[in-house]
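> next input, structure requested:
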Amino acid sequence: ALPLLLGALAPAPAPALLGLPGLGKAFAPLGGGTARGREEAKGLIAELRTLTGKSPKNGIDCPAGLAADIDATCRELERLNPTSQPANSPLMAGFWRMLYTDFTPAAPSSGKLGPFVGDVYQDLRPSEGLGKNILSIGFPPIKGALVAAAKPQKGDEWEITFDRVGNTLAGAIPFGPKIKFDGSEVRIWKITYLDEDFRILRARRPEASEAEAFVFIFERKEEDRFDIDV
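Down below sits the predicted model:
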């Protein structure tokens, strides 16, 4: 089967939707916009960077104890979310690099394509109703993208509808088949933390519960920006 470069938008295999670490409780900002809250959030972000730096790349095969520490720290930070209505915030727009996900099993969703592991980016353009998940592998020089329609739902959710996905060599030469979706593949992103440079989302299928969502942690990385179409 062709491995699809779906990143946080990926259709999860059915077994991967069972028994996953999930939300557990509703997320409500608790003072993240105050000076004290901002300082606390800054410390938690630094802690998350340290913890994710100890994980294998992108969180692939992360030890259970470390994964639990990352999840617990995410939950502390999510309660300090300084951005009300994050789904409608202009802060969503931009070029983001994924630091970590608990998506399992390892797949392009976590930056793994066959035996190769690369960087995962999101190019979000809410003014165009567009989101791209991009996988960039250094060697072989494979770049792939999932292009999707992105539509705000509620104050903290985006509805993501897959449009097309494909791979290229060096970002230019088509590599493997291109897949066009029929509009039936939809995902929900719950944006649980958002500031100028850091973002956490929990992604799931519409029919799945919030407890089945996968966590994805991103940092803004405009200096890495490149474009790819498929």
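> tell me the mean pLDDT for stretch 222-230?
The average pLDDT within stretch 222-230 is 93.
> isn't D197 right up against R220?
Yes: using CB atoms under 8 Å, D197 is in contact with R220, at 4.6 Å. Where C-beta positions appear, they are placed from N, C-alpha and C, glycine not excepted.
> and the two? Which one has more around it.
R220 (17 against 14; other CB atoms under 10 Å).
> paired strands for the helix or strand hosting V165, with orientation please.
In this structure, V165 is located in strand 157-169 according to DSSP states H and E. Sheet pairing of strand 157-169 (DSSP bridges) gives strand 142-153 (antiparallel), strand 173-180 (antiparallel), strand 186-194 (antiparallel).
> how about residues contacting it?
Strand 157-169 has contacts (CB atoms under 8 Å, 6 or more residues apart in numbering) with 4-6, 9, 87, 92, 131, 140-153, 174-181, 183, 185-191, 228, 230.
> thinking again about what came up before, how about the strands paired with strand 157-169 in CSV, adding mean neighbour count and mean pLDDT?
Below are the strands paired with strand 157-169 laid out as CSV (neighbours: other CB atoms under 10 Å; pLDDT from 0 to 100):
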stretch, mean neighbour count, mean pLDDT
strand 142-153, 21, 94
strand 173-180, 12, 88
strand 186-194, 23, 98
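> one step back: which positions within the strand holding V165 qualify as buried?
E157, W158, E159, I160, T161, F162, D163, V165, G166, N167, T168 (16 or more other CB atoms under 10 Å).
> nearest to P115, of these?
Lowest distance from P115 to the buried residues of strand 157-169 (CB to CB) belongs to N167, with 15.0 Å.
> all helices of the protein, in order?
Using DSSP state H, the helices of the chain run over 35-54, 64-78.
> which one of those is the most hemmed in?
helix 64-78 (a mean of 17; mean count of other CB atoms under 10 Å).
> list the helices and strands that helix packs on?
Helix 64-78 sits against helix 35-54, strand 186-194, strand 198-204, strand 214-220, with contacts defined as 3 or more CB pairs under 8 Å, 6 or more residues apart in numbering; DSSP states H and E.
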